[in-house]
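Visitor: structure here, sequence nowhere to be found:
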């Protein structure tokens, strides 16, 4: 199981709920599609029992602090980020705009993105697109994350 979140925007209560859910579900990886905002929010991910792969979002101004917060957690870098996990090729971006371009240009199985604060899953040309919605819940009043089962390629959007 892979836990996916984005747009946490410093909401520590929701980050803690997400961490608890991901640990309870036995996630072996967590993907964060950007907009932590401050390093203290990223540091909460240190309570996960699995590594984290993340990208910076447009609201992540304190990048050096986020990189320091990620020491020992996993990896954070500029988007788009590509990596393989469990035999699948992932592409992670924060912004939704480049997704259509990336679909055509990057060989991958799963694209994860955030920014819109709207949960979204769709298959496009054999590629699974996942936006977990906003974990922070500030914009729409609903905090959500995604649970992705790489064996069945199924995604559940879960309220926190």
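Guide: Everything's here; your move. What you see is a predicted model, and the numbers here were worked out from it, not measured in a lab.

Visitor: for the rest of this, base every contact and every neighbour count on C-alpha atoms.
Guide: OK.

Visitor: mind listing what residue 76 touches?
Guide: 53, 54, 55, 56, 66, 67, 70 (Cα atoms under 8 Å, 6 or more residues apart in numbering).

Visitor: just to be sure, it is in a strand?
Guide: Yes - using DSSP: H, G, I helix; E, B strand; the rest coil, the secondary structure at residue 76 is a strand.

Visitor: any idea how far residue 151 is from it?
Guide: Separation of residue 76 from residue 151 (Cα to Cα, to the nearest Å) stands at 25 Å.

Visitor: and residue 57, by the same measure?
Guide: As judged by Cα to Cα, residue 57 and residue 151 stand 28 Å apart.

Visitor: more crowded one of those two?
Guide: residue 57 (25 against 10; other Cα atoms under 10 Å).

Visitor: my guess is that one meets residue 96, correct?
Guide: No - using Cα atoms under 8 Å, residue 57 is not in contact with residue 96, being 10.9 Å away.

Visitor: remind me, longest helix of the chain?
Guide: helix 12-24 (DSSP state H).

Visitor: quick one: buried residues of that one?
Guide: For helix 12-24, burial by neighbour count (16 or more other Cα atoms under 10 Å) applies to 12, 14, 15, 16, 17, 18, 19, 20, 21, 22, 23.

Visitor: and the first one, what is it in contact with?
Guide: In this structure, residue 12 makes contact with 41, 44, judged by Cα under 8 Å, 6+ apart.

Visitor: try 10 Å this time
Guide: By Cα atoms under 10 Å, 6 or more residues apart in numbering, the contact set of residue 12 is 18, 40, 41, 42, 43, 44, 135, 136.
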